[in-house]
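Peer 1: I would like to see how this sequence folds:
(one chain, ligands or ions: 1)
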Amino acid sequence: MKYIDEFRDPATAKKLVEEINHLAPLARAQRDMPLQVMEFCGGHTHTLFKYGIEGMLPADIEMVHGPGCPVCVLPMSRVDDCVTIAEQPGVIFTTFGDAMRVPGTRKSLLQAKADGCDVRMVYSPMDALTIARKNPERDVVFFALGFETTMPSTALTLLQAHREGLQNFSLFCNHITTPATMRAILTDPDLKLDGFLAPGHVSMVIGAHPYDFVTRDYHKPLVITGFEPLDILHALWMLMKQLAEGRCEVENQYARIVPEAGNVAGLKAIAEVYETREHSEFRGLGNIGDAGVQIRSAYAAYDAEKKFNLQAAASSHDPEHLKCAEVLRGVIKPWDCPAFGKDCNPQHPLGALMVSPEGSCAAYYAYGKLAKRKETA
Ligand code: SF4
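Peer 2: Okay, here's the model as predicted:
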């Protein structure tokens, strides 16, 4: 299939792996530990495991799984807010499917639905708008979740609702931003990263330049990449080449999709609707300044937080014995969590990283890393 097969070609993959094997010892140079390369995005984590890429890499490289899965970093307090909104009389609460299973302190949205709330899974914010048009007597709320990838679609949906004068549609805004989250990761004293693979879909919206601070201020090379196996191997080769040659640059492996300046129309819609939120709580990372957005006051009528007068929820923490925070920060691997594969599994997730297919715990579980856990026990 065009645009698929050429990015999964085994012969090209073999050549790239050979090149990476050649470059990695040079890139590692005098370091007394393997190179720590963070794939920020859960979509990349999924590709790494689905195609067995991690197992092809030399011992000089250790992949560190980042927090770039919006469902995984959703704190329990925000799930509680979702449930509070869904419980209001007359509300239809709409959301992407994976967010329905994320545990809150009281219950998940799926449990709220089982208890009688009208919670509906949709495939896009425009589906929620259609529900609002068909149910003028009901308040329809869409759970706006995700990094910059999904922000243009929610912003444009809000603007469409505004144009139509729909009074019964609002967004519960939980969008978060990639560069600020990366900055928080870079200041974590427990992490000693040597480079980043940056998410192609986010970069398609924001472009390449918002990552300049990673090379300028933190001296870590970064390669923007796509989600096919050859994209990831090519990006790792580019990263190893930078390190071996002593360079530190933002490079764009995914130039077939990512324009240097991003998506101008998408960025315009984002700027029109959203403004930076002073603090946003991330599961496992705590409050990160400037890492989230909120709806501008000009569109307050479409802001569910204001419409339903939500009070700022207290910070919430996962139970002590669950290691979601450490896994999210890349400090430990999923099999280091005592609940992994036992109490916590895809059928019965205790933490958000086991809910979304992009969560590293779900990826380890789905692609056989339970066995690896036994080997290393
Ligand atoms: S196994 Fe479950 S509880 Fe443990 S870190 Fe993963 S998601 Fe969290």
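Peer 1: which residues does the residue lying closest to residue 4 once chain neighbours are set aside contact?
Peer 2: Spatial nearest neighbour of residue 4, excluding adjacent residues (C-beta to C-beta, 6 or more residues apart in numbering): residue 228 at 7.4 Å. All C-beta atoms are positioned from the backbone trio N, CA, C, and that covers glycine. With contact set as C-beta atoms under 8 Å, 6 or more residues apart in numbering, residue 228 has these partners: 4, 7-8, 47.
Peer 1: taking the mean pLDDT, what do you get for stretch 171-185?
Peer 2: Average pLDDT, stretch 171-185: 95.
Peer 1: pick out the residue nearest the middle of the chain.
Peer 2: residue 69 (2.3 Å; C-alpha atoms, centre = their mean).
Peer 1: okay, now residue 321: neighbour count?
Peer 2: Per other C-beta atoms under 10 Å, the neighbour tally for residue 321 reads 10.
Peer 1: how about it: what's its closest non-neighbour residue?
Peer 2: Spatial nearest neighbour of residue 321, chain neighbours left out: residue 338 (6.1 Å); criterion: C-beta to C-beta, 6+ apart.
Peer 1: which one is the residue in the chain that the ligand sits nearest to nearest to, not counting chain neighbours?
Peer 2: Residue nearest to the ligand within the chain (C-beta to the nearest ligand atom): residue 351, separated by 2.5 Å. Nearest residue to residue 351, sequence neighbours excluded (C-beta to C-beta, 6+ apart): residue 324, at 3.9 Å.
Peer 1: residue 318 is in contact with that neighbour, correct?
Peer 2: Yes - checked against C-beta atoms under 8 Å, the pair residue 324 and residue 318 is within contact range at 5.0 Å.
Peer 1: just the strands from the stretch 101-250 of the chain, written as ranges.
Peer 2: For the stretch 101-250 of the chain, applying DSSP state E, counting those that start in this stretch gives strands covering 118-121, 139-146, 169-175, 195-199, 222-225, 250-252.
Peer 1: still on that earlier bit, now the residue of the chain closest to the ligand: how far from residue 188?
Peer 2: Note on residue 351: its distance to residue 188, by C-beta to C-beta, to the nearest Å, is 19 Å.
Peer 1: those two: which has the busier surroundings?
Peer 2: residue 351 (28 against 13).
Peer 1: quick check: the residue nearest to residue 351 vs residue 195, distance?
Peer 2: Residue 324 sits 25 Å away from residue 195 when distances are taken as C-beta to C-beta.
Peer 1: what does residue 337 give?
Peer 2: 26 Å.
Peer 1: ok so, going back, per-residue pLDDT, the residue nearest to residue 4?
Peer 2: 96.
Peer 1: cool, and residue 374?
Peer 2: Reported pLDDT for residue 374: 44.
Peer 1: does the ligand sit close to stretch 69-87?
Peer 2: No - on the criterion C-beta under 6 Å from any ligand atom, stretch 69-87 is out of touch with the ligand, staying 8.0 Å away.
Peer 1: typo on my end, stretch 37-45
Peer 2: No - for stretch 37-45, no contact with the ligand is found by C-beta under 6 Å from any ligand atom; the gap never falls below 12.3 Å.
Peer 1: that older thread, higher neighbour count, residue 324 and residue 318?
Peer 2: Counted by other C-beta under 10 Å, residue 324 and residue 318 do not tie: residue 324 has more neighbours, with 25 against 19.
Peer 1: now do the helices in the stretch 251-377 of the chain.
Peer 2: 264-273, 304-307, 324-328, 360-366, 369-376 (DSSP state H, counting those that start in this stretch).
Peer 1: now tabulate those helices in JSON lines and tack on distance to the ligand.
Peer 2: Below are those laid out as JSON lines (distance: least, C-beta to the nearest ligand atom, whole Å):
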{"stretch": "helix 264-273", "distance to the ligand": "30"}
{"stretch": "helix 304-307", "distance to the ligand": "27"}
{"stretch": "helix 324-328", "distance to the ligand": "4"}
{"stretch": "helix 360-366", "distance to the ligand": "3"}
{"stretch": "helix 369-376", "distance to the ligand": "11"}
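Peer 1: looking at these, which is buried most?
Peer 2: helix 360-366 (a mean of 25; mean count of other C-beta atoms under 10 Å).
Peer 1: and that helix, how far from the chain's centre?
Peer 2: Its chain's C-alpha centre and that of helix 360-366 lie 15 Å apart, by C-alpha atoms, centre = their mean, to the nearest Å.
Peer 1: pLDDT on that helix, on average?
Peer 2: When pLDDT is averaged over helix 360-366, the result is 91.
Peer 1: and for stretch 88-101?
Peer 2: Rounded mean pLDDT across stretch 88-101 is 95.
Peer 1: now find how far off-centre it is within its chain.
Peer 2: Relative to its chain's centre, stretch 88-101 lies at 20 Å (C-alpha atoms, centre = their mean).
Peer 1: measure it end to end?
Peer 2: 20 Å (C-alpha to C-alpha, to the nearest Å).
Peer 1: which positions within it qualify as buried?
Peer 2: Buried residues in stretch 88-101, counted by 16 or more other C-beta atoms under 10 Å: 91-96, 98-101.
Peer 1: turn those residues into JSON lines, columns for secondary structure.
Peer 2: Formatted as JSON lines, the buried residues of stretch 88-101 follow (DSSP: H, G, I helix; E, B strand; the rest coil):
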{"residue": "91", "secondary structure": "strand"}
{"residue": "92", "secondary structure": "strand"}
{"residue": "93", "secondary structure": "strand"}
{"residue": "94", "secondary structure": "strand"}
{"residue": "95", "secondary structure": "strand"}
{"residue": "96", "secondary structure": "coil"}
{"residue": "98", "secondary structure": "helix"}
{"residue": "99", "secondary structure": "helix"}
{"residue": "100", "secondary structure": "helix"}
{"residue": "101", "secondary structure": "helix"}
